[in-house]
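S.K.: A structural model of the following input is requested.
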Amino acid sequence: MSAVRVADAATRAAVLATEDARRAALVAHDLDALDALFDDTLVHVHAPGLIHTKALLMEHVATRHAYLAVTRDDLVVRTIGDDVAVVTGRIVNRLRTAEGGERTLGGVATQVLVRGDDGRWRFVSFQMTPDGKQEWGALPSQLAAGPDDQKDSAR
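M.R.: Sure, this is the predicted structure:
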């Protein structure tokens, strides 16, 4: 039997509140809040494949103020045991460019959180896959199930 399951309502609410706090702190450049939300072992993989440690991501936020808005949608929260959560779902970032302009980047993000001895959830991993051309489209079983079930089958 798998130890991976859909999070119960209380865990889902706590994990999503942690994600809401992360999004707000990134946009506000709130380094104290980010320090509390990120585990010291954080590995953050940006959409183009750039890898940051916690320290590098904090420096990125402090010096570049790149995050103008972060929106999430259709999030699935699963748990592994009682103290590990995996969040997957849509993300859209409105970002400041190096040249001072703006761009919007959408995709899917996977995040891993651990619950510490203090009961607080912290991020240990983040990876965003940017939107790209879908070469194959839906599988026959997904087409037969309909659009709502296609979404559910990915969970």
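S.K.: where does the protein dip in pLDDT?
M.R.: For the chain, the stretches with pLDDT under 70 are 1, 148-155.
S.K.: Just checking, which helix or strand succeeds the helix ranked longest in the chain along the chain?
M.R.: The longest helix of the chain (DSSP state H) is helix 9-28. Counting by DSSP states H and E, the next helix or strand C-terminal to helix 9-28 is helix 31-37.
S.K.: So for stretch 137-146, what gets flagged as buried?
M.R.: Burial within stretch 137-146, assessed by neighbour count using 16 or more other C-beta atoms under 10 Å, is assigned to residue 142. Where C-beta positions appear, they are placed from N, C-alpha and C, glycine not excepted.
S.K.: tell me how far the ends of it are from each other?
M.R.: Terminal residues of stretch 137-146 are spaced 13 Å apart (C-alpha to C-alpha, to the nearest Å).
S.K.: Centre of the chain to that stretch, how far?
M.R.: Stretch 137-146 sits 26 Å away from the centroid of its parent chain (C-alpha atoms, centre = their mean, to the nearest Å).
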